[in-house]
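*Asks:* Sharing a model prediction with you, sequence too.
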Amino acid sequence: MALPIVAIVGRPNVGKSTIVNRIAQADEAIVHEMRGVTRDRSYHEADWNGVAFTLIDTGGIEVASDDEFQGSITAQALEGANEADAIVFVVDGRTGINNDDEAVARILQRTDKPVFVAVNKMDTPNKMDELWEFYSLGLGDPWPISALHGHGTGDLLDAVVDELRKLDLGERVADEVDAINVAIIGRPNAGKSSLTNKLTRDDRSIVSDVAGTTRDAVDTLVEHEGRFYRIVDTAGLRRKSQMDEDVEYYGFVRAMRAIDRADVVLLVVDSPLGLTNEDQRVAGYALERGCAMGIVLNKWDIVGGPEAKAAIRERIADRMMFVGYAPVVAISALTGKNVERIWGMIDKAYAAYSRTIPTNQLNTWLAGIRETGHTVSKGKAILRMKYVTQTGVRPPTFTFFCNRPDIVTDNYERFLENSLRRSFDLEGTPARLRFKKKD
């Protein structure tokens with residue numbers, strides 16, 4: 001069933017993300033005392049009195065600001081409000097109304113959607129004398145709440161879900177559809193948000209040439225040629241020791257969570273900069289978590305000449321051998337050139353990631369390995385491989401039964417994996433090999 005949508009809007013630092021976390025009963029939205037922490041709009045599941053809905057956390061709306069992101073942040077917030085079925089307009093009960101509140105109110109007065117004015121930071125219950133000025137916003141009765149302590153949030157939610165129950169959602173696509181989870185990862189400023197916007201045909205992720213623009217992991221459900229994909233744009237990953245803000249660290253945590261639930265990750269590499277240690281480290285995160293992977297060489301259109309391009313590909317092949325199964329595609333997210341190729345790469349990687357190989361085919365392959373006589377030994381002990389079966393998918397996992405699993409070397413394990421990949425189509429996915437003793 002499709003879920004109704006509730007947008008949380010307001011100027012910066014009024015407690016929108018704290019309200020989101022309170023309603024969703026999770027710590028998914030980044031909360032920090034610094035203004036402008038939330039930039040992209042992010043989506044969170046919630047439930048109240050048996051009514052499930054989706055919350056949109058939006059960036060703070062400011063009319064006059066010298067923040068270079070503010071125009072994009074405001075556009076994101078207004079788009080979230082436009083997408084919603086109901087809107088919670090958050091204001092600060094301590095500081096009262098300012099010009100930004102009045103500007104937001106004028107915009108919301110023109111909508112035909114139900115709007116609830118939530119007067120936050122009312123930490124002392126029943127203190128009604130501070131509410132009167134908020135009637136001047138022209139949006140009906142204000143609701144006193146304390147997102148920090150939970151006061152008043154239940155009454156507000158009662159009113160919100162009463163409105164949601166009246167909705168006819170029609171044939172809206174539900175978030176619960178069967179979709180391939182795709183996380184777009186990489187170092188800061190590699191072009192992840194630009195790629196996300198091209199794949200989703202949406203400007204939901206804020207794009208800027210300033211590193212670290214994306215702070216939350218942002219989900220978008222998209223349909224392509226009859227198949228659904230859940231695209232997640234993540235914050236740029238780098239060493240925790242290089243993070244100079246608490247907020248950036250929280251973004252790193254969200255990105256790691258996105259990788260944890262991804263089926264396929266797209267590692268976006270800044271081609272003119274070339275492959276970096278951070279790119280290798282990010283690929284390592286995905287490998288550790290067993291995700292299928294594709295490597296996207298972005299900004300390929302501004303790499304100078306065939307020799308420079310050949311050098312980049314050679315460096316990728318050399319330094320990314322530990323994820324040598326990952327296909328590579330060169331694109332320009334800015335112009336859209338070759339972006340369509342990514343869909344095929346995702347589909348192929350996901351098919352390999354989910355593949356089940358029949359046991360009889362695996363043991364026919366193993367018989368061929370035995371016939372070559374290629375094995376390992378230690379002292380008088382000789383490894384004898386007896387039987388193999390697939391014991392897991394996503395990623396595919398194979399268990400080998402042998403006489404001496406303790407003498408299997410890393411080189412021999414790589415030999416078996418490479419042979420498996422030559423015999424069965426496993427491009428794009430890691431493969432895990434297990435060895436068990438069988439006399």
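*Replies:* Structure's in. What do you need? If you're wondering where the values come from, they're calculated on a predicted model, not measured in any experiment.

*Asks:* the strands in the stretch 251-400 of the chain, which residues?
*Replies:* Ranges of strands in the stretch 251-400 of the chain, per DSSP state E, counting those that start in this stretch, are 264-270, 292-298, 328-330, 377-378, 381-382, 385-392, 397-402.

*Asks:* Neighbouring strands - and their directions - for the first one?
*Replies:* Strands that pair with strand 264-270, judged by DSSP bridges, come out as strand 180-185 (parallel), strand 292-298 (parallel).

*Asks:* worst average pLDDT in the ones you listed?
*Replies:* When the strands paired with strand 264-270 are compared by mean pLDDT, strand 180-185 comes last with a mean of 91.

*Asks:* Which element is encountered next along the chain beyond it?
*Replies:* helix 192-200 (DSSP states H and E).

*Asks:* quick one: that next one to strand 292-298, angle?
*Replies:* Orientation check (axes from the mean of the first three to the mean of the last three C-alpha atoms, to 10 degrees): helix 192-200 against strand 292-298 gives 110 degrees.

*Asks:* What's the per-residue pLDDT of the nearest residue to Asp301 once chain neighbours are set aside here?
*Replies:* Closest residue to Asp301 apart from its sequence neighbours, by C-beta to C-beta, 6 or more residues apart in numbering: Ser332 at 4.2 Å. Using the backbone N, CA and C atoms, a C-beta is placed for each residue, glycine as well. Ser332 is assigned 96 on the pLDDT scale.

*Asks:* Ser332 and Trp300 touch, don't they?
*Replies:* Yes. Applying C-beta atoms under 8 Å as the test, Ser332 and Trp300 come out as touching, 5.7 Å apart.

*Asks:* Next, count neighbours for Trp365.
*Replies:* 17 (other C-beta atoms under 10 Å).

*Asks:* Quick one: residues contacting it.
*Replies:* By C-beta atoms under 8 Å, 6 or more residues apart in numbering, the contact set of Trp365 is 388, 419-420, 423-424.

*Asks:* any idea how far Met321 is from it?
*Replies:* 23 Å (C-beta to C-beta, to the nearest Å).

*Asks:* which residues touch the residue positioned nearest the centre of the chain?
*Replies:* By C-alpha atoms, centre = their mean, the mean C-alpha position of the chain lies nearest to Val232, the distance being 3.0 Å. Contacts were defined as C-beta under 8 Å, 6+ apart; by that measure Val232 touches 181-184, 217-220, 258, 262.

*Asks:* now Arg421
*Replies:* Shown in contact with Arg421 (C-beta under 8 Å, 6+ apart): 325, 427, 431.

*Asks:* is it true that the second one touches Val323?
*Replies:* This means Glu427. No. Using C-beta under 8 Å, Glu427 is not in contact with Val323, being 11.6 Å away.

*Asks:* Pipe the strands paired with strand 264-270 into JSON lines and attach mean neighbour count and distance to Pro4 per row.
*Replies:* Formatted as JSON lines, these follow (neighbours: other C-beta atoms under 10 Å; distance: least, C-beta to C-beta, whole Å):
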{"stretch": "strand 180-185", "mean neighbour count": "26", "distance to Pro4": "23"}
{"stretch": "strand 292-298", "mean neighbour count": "25", "distance to Pro4": "33"}
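
*Asks:* Ok, which of those strands comes nearest Leu156?
*Replies:* strand 180-185 (32.3 Å; C-beta to C-beta).

*Asks:* contacting residues around the closest one?
*Replies:* 192, 195-196, 217, 227-234, 237, 255, 258-259, 261-268, 282, 285-286, 291, 346, 350.

*Asks:* Quick one: buried ones out of those?
*Replies:* By neighbour count, with 16 or more other C-beta atoms under 10 Å, the contacts of strand 180-185 hold 192, 195-196, 217, 229-234, 237, 255, 258-259, 262-268, 282, 285-286, 291, 346, 350 as buried.

*Asks:* residues touching the closest residue to Val264 other than its chain neighbours, list them.
*Replies:* Distance criterion C-beta to C-beta, 6+ apart; nearest residue to Val264, sequence neighbours excluded, is Ala292 at 4.5 Å. Shown in contact with Ala292 (C-beta under 8 Å, 6+ apart): 263-265, 349-350, 352-353, 395, 428-430.

*Asks:* how does it look with 6 Å?
*Replies:* 264, 349, 353, 428-429 (C-beta atoms under 6 Å, 6 or more residues apart in numbering).

*Asks:* Adding distance to Asn21 and pLDDT, write the residues you listed out as a markdown table.
*Replies:* Below are those laid out as a markdown table (distance: C-beta to C-beta, whole Å; pLDDT from 0 to 100):
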| residue | distance to Asn21 | pLDDT |
| --- | --- | --- |
| Val264 | 29 | 96 |
| Ala349 | 34 | 97 |
| Tyr353 | 33 | 97 |
| Gly428 | 36 | 97 |
| Thr429 | 35 | 97 |
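
*Asks:* So which of those residues sit within helices?
*Replies:* 349, 353 (DSSP state H).

*Asks:* got the contacts of Ala292 as a markdown table, with distance to Gly15 columns?
*Replies:* Listed next are those as a markdown table, based on distance: C-beta to C-beta, whole Å:
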| residue | distance to Gly15 |
| --- | --- |
| Val264 | 36 |
| Ala349 | 41 |
| Tyr353 | 41 |
| Gly428 | 43 |
| Thr429 | 43 |
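
*Asks:* which among the contacts of Ala292 end up buried?
*Replies:* Applying 16+ other C-beta under 10 Å to the contacts of Ala292 flags 264, 349, 353, 428-429 as buried.

*Asks:* re earlier: would you mind saying which of the strands of the stretch 251-400 of the chain lies nearest Asp112?
*Replies:* strand 264-270 (39.0 Å).

*Asks:* who touches that closest one?
*Replies:* 182-186, 190-192, 279, 283, 286, 291-298, 346, 349-350.

*Asks:* As a check, name the ranges of all helices in the stretch 151-300 of the chain.
*Replies:* Using DSSP state H, counting those that start in this stretch, the helices of the stretch 151-300 of the chain run over residues 153-164, 192-200, 246-260, 277-288.
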